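Peer 1: Fold the following.
(3 chains)
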Amino acid sequence: MRKGKKLVTDPLSRSDKRPTDIPSNRDSFFEDVHDVVRQIPSGRITSYGAIARYLGSGLSARMVGWAMNASHVALPPVPAHRVVNRNGILSGKGHFATPSEMEELLRREGIQVINDKVIDFNTLFWDPGIELSLF
DNA sequence: TTCCTGACTCCAG
DNA sequence: CCTGGAGCCAGGA
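Peer 2: Predicted structure coming up:
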């Protein structure tokens, strides 16, 4: 029973998760976020929550979105258009240079976008908790 | 210090 | 499918 409260122990969280009170080599967590996003293959997408879970359950999905605000000046470049919300909706499109840029970039990678929503989201979904666990 | 906001997500209805 | 409320954590006023 969940009782409406989020589980503290997430099955996808890793044993090496870093709560915010533990210092790490990369002291800013959006370096981690950018690092994960850079590894999303072309033509694939992931969600804010998936990244948050990969980095540790102590981080919320909102913080991933917050980190993405700095992604447009990060180097090397971060393919921010490959991160959508859990429904496949392009919730971050308003933060691109033009309202259509995010959709255009996705479409260029062969992803169909209709009404601000990614088609076949489930098939194209790239979960860092699964894909990066092979390393 | 408190209060509000947000590129989110989960649950209930 | 949609809506509303709660939880989430960092910044800014």
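Peer 1: Contact partners for the residue nearest in space to the middle of chain A?
Peer 2: Centroid check for chain A by Cα atoms, centre = their mean gives A:Tyr48 as the closest residue, at 3.7 Å. Residues counted as contacts of A:Tyr48 (Cβ atoms under 8 Å, 6 or more residues apart in numbering) are A:61-62, A:64-65, A:68, A:83, A:85-86. Heads up, the C-betas are built off the backbone N, CA and C, glycines and all.
Peer 1: And for A:Val33?
Peer 2: Counting by Cβ under 8 Å, 6+ apart, A:Val33 touches A:51, A:55, A:64, A:67-68, A:71.
Peer 1: out of those residues, who's nearest DNA strand B?
Peer 2: A:Met68 (3.6 Å; Cβ to the nearest atom of the strand).
Peer 1: quick one on the thing from earlier: hmm, which two among the contacts of A:Tyr48 are most spread apart?
Peer 2: A:Met68 and A:Arg86 (15.0 Å; Cβ to Cβ).
Peer 1: Now do stretch A:123-135: distance to the chain's middle.
Peer 2: On the basis of Cα atoms, centre = their mean, to the nearest Å, stretch A:123-135 is displaced by 11 Å from the centre of the chain it belongs to.
Peer 1: Tell me where the model's unsure across chain A.
Peer 2: A:1-27, A:135 (pLDDT under 70).
Peer 1: More neighbours: which of A:Met68 and A:Arg86?
Peer 2: A:Met68 (21 against 13; other Cβ atoms under 10 Å).
Peer 1: in terms of contact, does the more buried one touch A:Gly92 like I think?
Peer 2: Yes. Under the criterion of Cβ atoms under 8 Å, A:Met68 makes contact with A:Gly92 at 6.5 Å.
Peer 1: got any residues that touch both of these two?
Peer 2: A:80, A:83.
Peer 1: Get me the contact residues on chain A for DNA strand B.
Peer 2: For chain A, the residues in contact with DNA strand B (Cβ under 7 Å from any atom of the strand) are A:2-4, A:6, A:47-50, A:52, A:60-66, A:68-69, A:71-72, A:80, A:83, A:85-87, A:91-92, A:94-96.
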